[in-house]
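Below are the sequence and a predicted model; questions follow.
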Amino acid sequence: MAPLIQSVLHPAGVQAARLNQLWWVMFWVCTVVFISVLTALAMAIARGRRSASNASDATLTGSVGAAVGISVAALLVLLTASEITGRDLDALKAQNALRIQITGNQWWWDVQYLNPDPSLTVVTANEIHVPVGRPVGIVAKSNDVIHSLWIPALHGKRDLLPGRQSEIWLQADRAGVYRGQCAEYCGAQHAKMALTVVADLPDDFERWLSHMRGPAPPPATESQMRGRDVIERGPCAMCHSIAGTLAGGRTAPDLTHLASRSAIGAGSIPNTRGNLAGWIADPQHIKPGNKMPATGLASEELQALLDYLETLK
Ligand code: HEC
Ligand SMILES: [Cu+2]
């Protein structure tokens, strides 16, 4: 997988580029102010040493007046720049936008690709794909406490409030993998609440999306069959969904295409067979306090389960 980018200073989309520009305007204006103040201070000290009462009232008034004028001008520049950025950020709203609903949960992201035809809705978790060059309207919600959605290379932060819905618009201009992170302390595992954003070329994206609309493939081997049984008959199905099976729980990440994700536990560990086994055997060890209990499977059940989960591409 391509390297993960998580930096405000390496914008990969138009919205982040605007915020990056604003940051540089603020940086340079503040740098000039800082250096001027220190220079003026040094000059005043030097002059004060030479004579205590040299400055006339008139020069003093003049200097203070000039300083006030310059400060007001600098503040106006910053205010205008931030107003313009704010307006530009709102300007991306577009008719042909892709619509994704992202819901914060302690401590994972529920993701739905909305479609006027509900049968085409795609449900997934913790990893989203977006098409390069097309605006994406993200509907942001929370199921429990306040979270904040932040994908630094694509957009600024947006708080997710329980009972309220808000919207941000972003667009990736370069293909790549961008790391998002919850940016509002939301409990014990706040730090392990990452969102992976994969920006694909438009054709790749469409292929991905139509694949995601499909249900899980039926198990092909005896062991995979047994694995699906473990999920459907065990506690897993009360919390997790796998489209095309009896598992229909809605309080945990959708697992229909689990094997296509790069990480498990909302970015906690890479998605490998070993890590998956470790997670299912003892999720509390990897992410203490998270809402998935250890399920105490026999090792034969666990191996069958892993055989099945690996087919969920
Ligand atoms: C009581 C509800 C509950 C039960 C029962 C449960 N899980 Fe989970 N599971 C969760 C929650 C909540 C998470 C998200 C944890 C987090 O990342 O904070 C999760 C995460 C996972 C993940 C990682 C998904 C991802 O994309 O990060 C896998 C895989 C998983 N569970 C498999 C299972 C299997 C297999 C079983 C049955 C043996 C099971 N779970 C039973 C609630 C549950
Ligand atoms: Cu958080």
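Perfect, thanks for sending it. Ligands and ions are numbered 1, 2, ... in the order given.

and the one residue sitting closest to the centre of the chain, backbone torsions?
Centroid-nearest residue in the chain: Gly180, 2.8 Å away (criterion: Cα atoms, centre = their mean). Per-residue torsions, Gly180: phi -110, psi 160 (degrees, to the nearest 10).

residue contacts, it?
6, 149-152, 154, 194-197 (Cβ atoms under 8 Å, 6 or more residues apart in numbering). For every residue, glycine as well, the C-beta is placed using N, CA and C.

Quick check: residues of the stretch 51-200 of the chain near ligand 1?
107-108, 125-126, 189 (Cβ under 6 Å from any ligand atom).

what's the closest of the residues you listed to ligand 2?
Trp107 (6.9 Å; Cβ to the ion).

does the closest one really touch Cys182, like I thought?
Yes: in this structure, Trp107 is within contact of Cys182 by Cβ atoms under 8 Å, at 7.4 Å.

more neighbours, these two?
The neighbour count for Trp107 versus Cys182, taken as other Cβ atoms under 10 Å, is higher for Cys182 (27 against 24).

partner residues bridging that one?
Counting by DSSP bridges, Cys182 is bridged to Leu149.

now it: how far from Gly69?
From Cys182 across to Gly69, the span is 44 Å (Cβ to Cβ, to the nearest Å).

Over to Ile128?
49 Å.

same question, Leu255
Taking Cβ to Cβ, one finds Leu255 at 63 Å from Gly69.

out of the two, which sits in the more crowded spot?
A count of neighbours by other Cβ under 10 Å puts Leu255 above the other of Leu255 and Gly69, at 23 against 10.

In contact with the more buried one, which residues?
240-242, 247, 309, 312.

Try it again at 7 Å.
Applying Cβ atoms under 7 Å, 6 or more residues apart in numbering to Leu255 gives the contacts 240-242, 312.

Turn the residues you listed into TSV, including neighbour count.
Formatted as TSV, those follow (neighbours: other Cβ atoms under 10 Å):
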residue	neighbour count
His240	22
Ser241	22
Ile242	24
Leu312	19
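
Within range of ligand 2, give me the residues from the stretch 1-150 of the chain.
Residues of the stretch 1-150 of the chain found near ligand 2 (Cβ under 5 Å from the ion) are His147.

OK, now which residue of the stretch 1-150 of the chain is nearest to ligand 2?
Per Cβ to the ion, His147 is where the stretch 1-150 of the chain lies closest to ligand 2, at 4.9 Å.

What is the neighbour count of that residue?
Residues near His147, counting by other Cβ under 10 Å, number 30.

Surely it is in contact with Pro162?
No: here His147 does not reach Pro162: they are 9.2 Å apart, not a contact under Cβ atoms under 7 Å.

With adjacent residues omitted, what lies nearest to Gly248?
Ser241 (5.3 Å; Cβ to Cβ, 6 or more residues apart in numbering).

quick one: Val145 from ligand 1, how far?
Val145 sits 13 Å away from ligand 1, taking Cβ to the nearest ligand atom, to the nearest Å as the criterion.

Run the contact check for the helix or strand harbouring Leu209 versus ligand 1.
Element membership of Leu209 [criterion: DSSP states H and E] is helix 202-213. No: using Cβ under 6 Å from any ligand atom, helix 202-213 stays clear of ligand 1, with a minimum separation of 13.8 Å.

What's the first helix or strand after that helix?
Scanning forward in sequence from helix 202-213 by DSSP H and E, the next helix or strand is helix 222-233.

how distant is the helix or strand just after that following helix from the center of its chain?
Counting by DSSP H and E, the next helix or strand C-terminal to helix 222-233 is helix 236-239. Here helix 236-239 is found 26 Å from its chain centre; the criterion is Cα atoms, centre = their mean, to the nearest Å.

For helix 236-239, buried residues please.
236-237, 239 (16 or more other Cβ atoms under 10 Å).

Report the mean per-residue pLDDT for it.
Averaged across helix 236-239, pLDDT comes to 96.

now for that helix, which elements pack on it?
On a contact count with 3 or more Cβ pairs under 7 Å, 6 or more residues apart in numbering; DSSP states H and E, helix 236-239 meets no helix or strand.

Just after it, pick out the following helix or strand.
Downstream of helix 236-239, the next assigned helix or strand under DSSP H and E is strand 263-264.

Can you give me the neighbour number for the spatially closest residue to Glu310 that is not a sequence neighbour?
Spatially, and ignoring its direct neighbours in sequence, Glu310 is nearest to Ala259 (5.6 Å; Cβ to Cβ, 6+ apart). Residues contacting Ala259 under the criterion other Cβ under 10 Å number 16.
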